[in-house]
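Colleague: Here's my sequence, what's the structure:
(one chain, ligands or ions: 1)
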Amino acid sequence: MRQKFIFVTGGVVSSLGKGIASASIGALLESRGLTVALKKLDPYINVDPGTMSPFQHGEVYVTDDGAETDLDLGHYERFTNSTGSKRSNFTTGQVYDSVISRERKGEYLGVTVQVIPHITDEIKNRILDVDDGIDIVIVEIGGTVGDIESLPFLEAIRQLRNDLGKENTLFIHLTLVPFIKTADEVKTKPTQHSVKELREIGIQPDILLCRAEDFLKQPLKDKIALFCNVEKDAVITAKDVDIIYEVPLLYHSEGLDEKITKILNIWSRKPDLSKWEDIVHTIKNPKRNVEIALVGKYVRLKDSYKSLNEALVHGGIANNCRVNIRYVDSEELETGSLSFLDGVDGILIPGGFGDRGIEGKIMAIRYAREKKIPFFGLCLGMQLAVIEIGRHLAGLEGAHSTEFNEHTPNPLIYLIEEWVDRENVVQRRDKFSAKGGTMRLGAYKCMLKQGSLASRAYMQEFVYERHRHRYEFNMAFRSQLEDCGMEITGISPDGKLVEIIELKGHPWFLACQFHPEFKSKPFDPHPLFREFIKASIRHRQEKGRCKKR
Ligand code: GLN
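Modeller: Here you go, the predicted structure:
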């Protein structure tokens, strides 16, 4: 059977949760025994989000094969068994890049290259580029209907319905049905307008997912169906929820998966959603609480740490525990007061770029080390842990990363100018190299030291974890740091790149050069997050902060 395609568009306003909606559709179809793949199409001109600020775009999610992608791909991997790759996310920038380089090579000789058909063909080819064995491809179109930028994408999916036929394509539109307090009424007009806009460009949605504060009553659904030209049972409430893992259950209760399989005319088994019910139950009924300080630069924008927040929730699930996150702005710590960290059970320093707030993070690491509070450092968090140990235990004055101080006398973290990438190709770079796509990206093998916290957590000899960074631990300082208690417990197979460090004599101090958060799933919490939360619970118990809930 050829794959069938579900296209998810969004209307009225942005941030309605199209990513979670698409991921939940994927989860529901998988629960019926179907195999799914998900794709995200982004209408901006950047080739990938890697060069955007997290303030603009939120987290950059990294796939195994080293693509820097939209954070929605994280939702896809967490909600389904699909694995994202370079083919799972593309932007207007990539599409034009391919078409223009083909034009330069002379592949369109004699022809005027145009949006229709050349750009739309390129978009269609990229949508259709899916592995065999996939039953359903869910394609999320970024942006909001009505944006100039998304027009070529919408035109491409409009054409695909004609190309592939009605039974092989399905349009789902996510809209907002707001409750207007002063009128004491929910309003359908924005949805009507958004659908009108879609129909003007030739797309008639088959199903409407209506974001609303409460379940929409049948008469209201009937009204939406009438005005938007969809079937009555194709108006689905996408009710606000506290826990994102409830969304598949809610959609199911509204009949979404039933309707999808009917329209696409697919036979599938009855859905088994018990694992989703269990997970929601576990999250809602934790046996204990723990409070983790997340010390970072982008703490005001939670989207910047999307996978990290989820991985902490998963670590909590594994320990039957609610993880409360205390967001601490590292710049605030620099004012000298560490009281922001009072009473926390664990301290986590996430990845990051740029020198703002660096000293505050180092102060937090010192605090965790000296007060024996469980500490978990990710990527930049590991680099700063090395610097903290270097400065304060090994007495390496002015120790730093050359990212932040080029002339440091003790460059514990530095730029490796020649390295071998995932495809075994030798790459060269220096501080002047282009910024896009030039980091160590994607999954690399890491050998674990027996008996370490890491190997006891993973219970494996080696693991593959995902990277996104330029700078590395400087092996020239290895013995000086090991002499004061730092242990290298994860290392690349050639022994050149440090992947994990730990600290002897501390109850739980572990930092890694990779981003474990990208591989954590609700049904398969990441071992390092599981153990970090476990250590934090222990710390809390020792401090007598454990009240029975
Ligand atoms: N800025 C550091 C580097 O490029 C760390 C990056 C990160 O934390 N993702 O190596």
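Colleague: From here on, just use CA atoms for contacts and neighbour counts.
Modeller: OK.
Colleague: Quick check, pLDDT for the residue in the chain that the ligand sits nearest to.
Modeller: As assessed by C-alpha to the nearest ligand atom, the ligand sits closest to residue 351 within the chain, at 3.1 Å. Residue 351 carries a pLDDT value of 93.
Colleague: go on, residue 299?
Modeller: Looking at residue 299, the pLDDT reads 65.
Colleague: Spell out which parts of the stretch 351-500 of the chain neighbour the ligand.
Modeller: Contact residues, the stretch 351-500 of the chain versus the ligand (C-alpha under 6 Å from any ligand atom): 351-353, 379-380, 468-471.
Colleague: Buried only: go through these for me.
Modeller: Neighbour-count burial (16 or more other C-alpha atoms under 10 Å) is assigned, among these, to 351-352, 379-380, 468-471.
Colleague: List just the nearest of those to residue 393.
Modeller: Checking those against residue 393 by C-alpha to C-alpha gives residue 380 as the nearest, at 19.2 Å.
Colleague: about what we covered before: rebuild the buried ones among the residues of the stretch 351-500 of the chain next to the ligand as JSON lines, extending it with secondary structure.
Modeller: JSON lines is the format used below for these (DSSP: H, G, I helix; E, B strand; the rest coil):
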{"residue": "351", "secondary structure": "coil"}
{"residue": "352", "secondary structure": "coil"}
{"residue": "379", "secondary structure": "coil"}
{"residue": "380", "secondary structure": "helix"}
{"residue": "468", "secondary structure": "strand"}
{"residue": "469", "secondary structure": "strand"}
{"residue": "470", "secondary structure": "coil"}
{"residue": "471", "secondary structure": "strand"}
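Colleague: Now do the contacts for the residue nearest to residue 401 when sequence neighbours are not counted.
Modeller: In space, residue 401 comes closest to residue 413 once its chain neighbours are excluded; the distance is 4.3 Å by C-alpha to C-alpha, 6 or more residues apart in numbering. Taking C-alpha atoms under 8 Å, 6 or more residues apart in numbering, we find residue 413 in contact with 383, 387, 400-403, 471-474.
Colleague: Show the subsequent helix or strand relative to the helix or strand harbouring residue 413.
Modeller: When elements are assigned from DSSP states H and E, residue 413 belongs to strand 411-415. Remark: after strand 411-415, the chain's next helix or strand is strand 418-420, criterion DSSP H and E.
Colleague: Downstream of the least confident helix or strand in the chain by mean pLDDT, the next helix or strand is which one?
Modeller: Within the chain, no helix or strand scores below helix 54-57, which has a mean of 73 by mean pLDDT, DSSP states H and E. The first helix or strand that comes after helix 54-57 along the chain, using DSSP H and E, is strand 61-62.
Colleague: ok, that next one: who's next to it in the sheet?
Modeller: Strand pairing for strand 61-62, using DSSP bridges, gives strand 68-69 (antiparallel).
Colleague: residues in contact with the residue of the chain closest to the ligand?
Modeller: The neighbours of residue 351, taking C-alpha under 8 Å, 6+ apart as the test, are 378-381, 515.
Colleague: Mind doing that once more with 6 Å?
Modeller: When contacts are counted by C-alpha atoms under 6 Å, 6 or more residues apart in numbering, residue 351 is found next to 378-381.
Colleague: Spell out which residues of this protein are next to the ligand.
Modeller: Proximity of the chain to the ligand, by C-alpha under 6 Å from any ligand atom, involves residues 351-353, 379-380, 468-471.
Colleague: Return, as residue ranges, the portions of this structure with sub-threshold pLDDT.
Modeller: Along the chain, segments meeting pLDDT under 70 span 1, 298-300, 435-437, 546-549.
Colleague: Can you pull up the most central residue in it?
Modeller: The C-alpha lying nearest the average C-alpha coordinate of the chain belongs to residue 74 (C-alpha atoms, centre = their mean; 3.3 Å).
Colleague: Tell me the spacing between that residue and residue 364.
Modeller: To residue 364, residue 74 is 28 Å away according to C-alpha to C-alpha, to the nearest Å.
Colleague: sorry, back to before: for the strand holding residue 413, buried residues please.
Modeller: By neighbour count with 16+ other C-alpha under 10 Å, strand 411-415 contains the buried residues 411-415.
Colleague: Using PDB, write down the CA coordinates of it.
Modeller: C-alpha atoms of strand 411-415 as PDB (Å, rounded to 0.1, in the frame of the first residue of the first chain):
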ATOM      1  CA  PRO A 411      42.000  26.800  28.100                       C
ATOM      2  CA  LEU A 412      40.200  23.800  29.600                       C
ATOM      3  CA  ILE A 413      37.600  23.900  26.800                       C
ATOM      4  CA  TYR A 414      38.800  24.800  23.300                       C
ATOM      5  CA  LEU A 415      37.900  24.500  19.700                       C
END
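Colleague: Can you list the strands that it pairs with?
Modeller: strand 400-401 (parallel), strand 471-473 (antiparallel).
Colleague: chain center to that strand: distance?
Modeller: From the chain centre to the centre of strand 411-415 is a distance of 28 Å (C-alpha atoms, centre = their mean, to the nearest Å).
Colleague: ok, which stretches of the stretch 101-250 of the chain are strands?
Modeller: Counting by DSSP state E, counting those that start in this stretch, the stretch 101-250 of the chain has strands at residues 136-141, 169-176, 179-180, 185-186, 207-212, 235-239.
Colleague: Dump these into TSV; add mean neighbour count and distance to residue 62 as well.
Modeller: TSV is the format used below for the strands of the stretch 101-250 of the chain (neighbours: other C-alpha atoms under 10 Å; distance: least, C-alpha to C-alpha, whole Å):
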stretch	mean neighbour count	distance to residue 62
strand 136-141	22	18
strand 169-176	25	26
strand 179-180	12	37
strand 185-186	13	39
strand 207-212	24	29
strand 235-239	24	28
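Colleague: Dump those to CSV, plus distance to residue 479.
Modeller: Formatted as CSV, the strands of the stretch 101-250 of the chain follow (distance: least, C-alpha to C-alpha, whole Å):
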stretch, distance to residue 479
strand 136-141, 50
strand 169-176, 57
strand 179-180, 64
strand 185-186, 67
strand 207-212, 57
strand 235-239, 57
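Colleague: what sits against residue 37?
Modeller: Neighbour list for residue 37: 82, 137 [criterion: C-alpha under 6 Å, 6+ apart].
Colleague: change it to 7 Å
Modeller: 82, 134, 136-138 (C-alpha atoms under 7 Å, 6 or more residues apart in numbering).
Colleague: Distance check, residue 13 against residue 504.
Modeller: For residue 13, the distance to residue 504 - C-alpha to C-alpha - is 51 Å.
Colleague: from memory residue 330 sits against residue 293, does it?
Modeller: No: applying C-alpha atoms under 7 Å, one finds residue 330 not in contact with residue 293, separated by 10.7 Å.
Colleague: Tell me which residues of stretch 528-546 come out buried.
Modeller: 528-540.
Colleague: brain fart, stretch 277-285
Modeller: Buried residues in stretch 277-285, defined by neighbour count with 16+ other C-alpha under 10 Å: 279-280, 282-283.
Colleague: who touches stretch 18-31?
Modeller: 8, 10, 36, 72, 75-76, 79-80, 138, 140, 174, 247-248, 257, 271-273.
Colleague: And the furthest pair within the contacts of residue 351?
Modeller: Largest separation among the contacts of residue 351 by C-alpha to C-alpha: 378 and 380, giving 5.9 Å.
Colleague: which residues do these two both contact?
Modeller: 350-351.
Colleague: Let's have the contacts of residue 351 in JSON lines, adding distance to residue 167.
Modeller: Below are those laid out as JSON lines (distance: C-alpha to C-alpha, whole Å):
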{"residue": "378", "distance to residue 167": "46"}
{"residue": "379", "distance to residue 167": "46"}
{"residue": "380", "distance to residue 167": "49"}
{"residue": "381", "distance to residue 167": "50"}
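Colleague: that older thread, now the two most distant members of the buried residues of stretch 528-546.
Modeller: 528 and 540 (18.2 Å).
Colleague: Which single helix of the chain contains the most residues?
Modeller: If you go by DSSP state H, the chain has its longest helix at helix 527-542.
Colleague: other SSEs contacting it?
Modeller: Applying 3 or more C-alpha pairs under 7 Å, 6 or more residues apart in numbering; DSSP states H and E, we find helix 527-542 packed against helix 306-318, helix 453-458.
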